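Participant: With the sequence up front, the predicted model follows.
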Amino acid sequence: MAIINNTSGLPHVETFYHHFGSLRNAYSLIGYISAERDYSFLDTRQAWADVRTSLVREVAARLDKLGRRIVIGPSDDQLRIDAKVGVSFRIARAQKTKEGCLTQWRVYRPKRPDRWIVVIRLADDNQSVLDYLTIPTHTLTERRHASHFTFTTQARERLAFDCFETAETLTQSLHRRTRTATKQIARSSRI
């Protein structure tokens, strides 16, 4: 998509979406079909971005009711809690490299270093939400400069990423954890 958007003389990707519904539809109309990879996630990208935005707004509203000061980031994928703690929200689609292998989820790191990443983990069919994870960014020290990290269910358990089935339980955990983090940040800034 970046190649299309940055090529002089080509319309923006959004124009292709508007006229053809997806890039894959536009490609198939000109006879291009790639059987090597599954590109179906591209067709649902906007729908999942809307799910992410909805979760961000729901968590923000719940935290606000709990008395926290909340600012939603400009790209609707980030919260700033009490002007001190950053939380980024990401979608992680399920990927299987080979039959019989473990399912993996890939998460793109936030551009700015936040304290927490909330991952909306998709089920194996990538059609529904499996659960929500909270990942403290300090646990991601390996390959610190990589743009993404990949994990399996076993790695999630080993790294002790917290797992939640509802936005309400996710919010309660973020409230507790960020309240503690806010106090720690306040103490360290007084020193």
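Facilitator: Arrived safely, thanks for sending.
Participant: Looking at the longest helix along the chain now, give me its mean pLDDT.
Facilitator: Taking DSSP state H as the criterion, the chain has its longest helix at helix 40-65. Averaged across helix 40-65, pLDDT comes to 90.
Participant: All the helices of this protein, residue numbers only.
Facilitator: According to DSSP H, the helices that the chain contains are 2-6, 13-20, 23-29, 40-65, 153-158, 167-190.
Participant: so where's this protein shaky on pLDDT?
Facilitator: 1, 34-40, 42, 113, 141-145, 181-191 (pLDDT under 70).
Participant: quick one, domains of it?
Facilitator: Following the assignment in automatic domain parsing, the chain carries domains at 1-36, 44-190.
Participant: contacting residues around residue 151?
Facilitator: 104, 105, 107, 159, 161 (Cβ atoms under 8 Å, 6 or more residues apart in numbering). For every residue, glycine as well, the C-beta is placed using N, CA and C.
Participant: swap that for residue 17, sorry
Facilitator: Contacts of residue 17 by Cβ under 8 Å, 6+ apart are 23, 46.
Participant: Quick one: residues contacting residue 87.
Facilitator: 78, 79, 80, 81, 114, 115, 116, 117, 118, 174, 178.
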